[in-house]
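Chemist: Dropping the sequence and predicted coords here.
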Amino acid sequence: MQCIHIAMLCVQEDAMIRPNMSSVVLMLNNYSTSVRVPSRPAFSFGDSEPNQPMLIESQPMMSAEDFTELVPR
């Protein structure tokens, strides 16, 4: 859970409030370090607006031509 918390800090919209790498390493290696609460993410894939209709694509995302056949040498 701590890794997810630190990851959320690293993807903050404002780069000025993101931790630098030395802080991230310290937070990951030291469980007693207090980690600040991340602000709300700029975007998410969650269900933020349940009344909004879903976008449905009329064409398939992939076709048979999109695959490369791998053959041994």
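Modeler: Now that the structure is in, tell me what you want to look at. Numbering: from 1, shown residues only.

Chemist: Can you mark which positions in whichever strand or helix holds Met27 are buried?
Modeler: Taking DSSP states H and E as the criterion, Met27 maps to helix 21-29. Under the neighbour-count criterion of 16 or more other CB atoms under 10 Å, helix 21-29 has Met27 buried. (Glycine included, C-beta is placed from N, CA and C.)

Chemist: Show me what it is packed up against.
Modeler: helix 2-10 (3 or more CB pairs under 8 Å, 6 or more residues apart in numbering; DSSP states H and E).

Chemist: Dump the C-alpha coordinates for the helix it packs on into PDB.
Modeler: Taking C-alpha atoms only, helix 2-10 is exported to PDB below (Å, rounded to 0.1, in the frame of the first residue of the first chain):
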ATOM      1  CA  GLN A   2       2.900   2.300   0.700                       C
ATOM      2  CA  CYS A   3       4.300   1.800  -2.800                       C
ATOM      3  CA  ILE A   4       0.900   2.900  -4.300                       C
ATOM      4  CA  HIS A   5       0.800   5.900  -2.000                       C
ATOM      5  CA  ILE A   6       4.300   7.000  -3.100                       C
ATOM      6  CA  ALA A   7       3.400   6.400  -6.800                       C
ATOM      7  CA  MET A   8       0.500   8.700  -6.400                       C
ATOM      8  CA  LEU A   9       2.800  11.400  -5.100                       C
ATOM      9  CA  CYS A  10       5.100  10.900  -8.200                       C
END
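
Chemist: Give me the contact list for that helix.
Modeler: Defining contact as CB atoms under 8 Å, 6 or more residues apart in numbering, one finds that helix 2-10 is touched by 18-19, 24, 27-28, 31, 35-36, 38, 41.

Chemist: Please list all residues in contact with Leu28.
Modeler: Residues counted as contacts of Leu28 (CB under 8 Å, 6+ apart) are 2-3, 6.
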